[in-house]
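Enquirer: following is a predicted model, sequence given first.
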Amino acid sequence: MISPFEATLLGVVAPQPVSRYEVMKAIQSQSLYWSGTPGAVYSALVRLKETDLIEEVGLTDPKLYRITELGKKAYSFLTIPVSPDKLILDPSVVRMKIRGLQNFSAQERITFYFRQVTEYSGAFVLVIEKRGASGNAMDQELSNLVVGQLRLEVDLMKRRLAKELDG
């Protein structure tokens, strides 16, 4: 399995061959939740190449990379909804998936949004169960913050879904 960051890189490479520099610029310009270094991007590209998820295109200078068939299969994990516990612990994963879904068909996006909204129900249950088990005021406030974030994310999913259904 690839990491969410590697999946993001595959998403940058998926539409057309790009250079390492273009990948880094794309990550820097679109990422609101990652502030890594060029070295992290370049190292991840090397890993993706070593695992045959991307390949070099010809003998260009600078080198250009494109996604392989194996990479496309690995990249398809973006269409799998994020589990309730992961929604709470790492909300950046669902954001990364939403961005990456742009490279999939409208039907695949619609299916993802429907299924992801269902997963949010489980996340709400988890937070409410934990909130009820704690009498600590700070835990209550933090739980309220998480519930608010989850509601915003559900609203986003519903807006994306409506846009896809209208489009």
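Expert: The structure has been received and is ready for your questions.

Enquirer: give me the element Tyr21 is part of.
Expert: helix 20-30 (DSSP states H and E).

Enquirer: list the buried ones in that helix?
Expert: Arg20, Glu22, Val23, Met24, Ala26, Ile27 (16 or more other Cβ atoms under 10 Å). To be clear about C-beta, it is placed using only N, CA and C from the backbone, and glycine gets the same treatment.

Enquirer: walk me through the domains of this structure.
Expert: 4-77, 80-166 (automatic domain parsing).

Enquirer: can you redo the ones you listed as TSV with mean pLDDT?
Expert: Output for the domains of the chain, formatted as TSV (pLDDT from 0 to 100):
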stretch	mean pLDDT
domain 4-77	86
domain 80-166	90
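
Enquirer: could I get the full set of strands for this structure?
Expert: With DSSP state E as the criterion, the chain has strands at 18-19, 54-56, 64-67.

Enquirer: out of those strands, which gets nearest to Leu101?
Expert: strand 64-67 (15.4 Å; Cβ to Cβ).

Enquirer: show me what counts as buried in the closest one.
Expert: Across strand 64-67, burial judged by 16+ other Cβ under 10 Å covers Leu64, Tyr65, Ile67.

Enquirer: residues contacting the most centrally placed residue in the chain?
Expert: With distances taken as Cα atoms, centre = their mean, the residue of the chain nearest its centroid is Met96 (2.0 Å). Applying Cβ atoms under 8 Å, 6 or more residues apart in numbering, we find Met96 in contact with Pro4, Phe5, Ala7, Thr8, Tyr33, Leu78.
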